[in-house]
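Chemist: next come a sequence and a model predicted from it.
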Amino acid sequence: MQATESAAHALEASGAEVESLVQSMALVPQPNAPVDGESGNGEAPMSDEARGVLAAIKRLEDIVDEETAALEARQPVDLAEFSLRKSRSMLEFARLSRTITLMRNEPNIADNLQKLRLKLEKNRALLQMHLEAACEVATIIARTIMEAESDGTYSADV
């Protein structure tokens, strides 16, 4: 029972982190959308800051892809480890948030953030499904234990 509660807690924490990342990306401009009257043609060379943001996006994508693949394959998942890795990535995004906002018209940034957002949403849905399944299993186990311990003296059924 403790293991199920622990897994449910880890799933909730991981799901909350994904939800937080998805919400923080709500202000991301749409891909290829011109900003402030600029053409948005993306022909300018990429700055070091843009490369840094793209690298941070790629690192988070890799973490989310790895967790999503494990969940889809129904493999054992170390939720605590993924939660820690996603927390670190979220910290990196928090540190880069001002840079990301200032660079919203840099080539590839909006497109990559939109792809990441879709991957995070898929990951959140899978984590939600696994959390609901863990809760169902915990309910079945708790009900079975109660029925096994009860001698029927105080039950409503006659």
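Modeler: Thanks, I have it. Note that the structure is predicted; figures quoted are calculated from it, not measured.
Chemist: average pLDDT for stretch 129-146?
Modeler: Regarding stretch 129-146, the rounded mean pLDDT is 93.
Chemist: how near is residue 94 to residue 88?
Modeler: According to Cβ to Cβ, to the nearest Å, residue 94 and residue 88 sit 11 Å apart. (Each C-beta comes from the backbone N, C-alpha and C, glycine too.)
Chemist: meant to ask about residue 143
Modeler: Remark: distance between residue 143 and residue 88 (Cβ to Cβ) = 39 Å.
Chemist: out of these two, which sits in the busier spot?
Modeler: A direct count of neighbours by other Cβ atoms under 10 Å for residue 143 and residue 88 places residue 88 higher, at 13 against 10.
Chemist: over to the nearest residue to residue 47 once chain neighbours are set aside. Which of the three states is it?
Modeler: Distance criterion Cβ to Cβ, 6 or more residues apart in numbering; nearest residue to residue 47, sequence neighbours excluded, is residue 106 at 6.9 Å. State at residue 106, reduced to three classes by DSSP: H, G, I helix; E, B strand; the rest coil: coil.
Chemist: dump the residue contacts of residue 106.
Modeler: 44, 46, 47, 49, 50, 53 (Cβ atoms under 8 Å, 6 or more residues apart in numbering).
Chemist: sort out for me which of the residues you listed are in helices.
Modeler: 49, 50, 53 (DSSP state H).
Chemist: how far away is the closest residue to the second one other than its chain neighbours from residue 59?
Modeler: Ranked by Cβ to Cβ, 6+ apart and with sequence neighbours excluded, the top spatial neighbour of residue 50 is residue 106, at 4.4 Å. Distance from residue 106 to residue 59, counting by Cβ to Cβ: 18 Å.
Chemist: and residue 112, by the same measure?
Modeler: Residue 112 is 12 Å from residue 59, by Cβ to Cβ.
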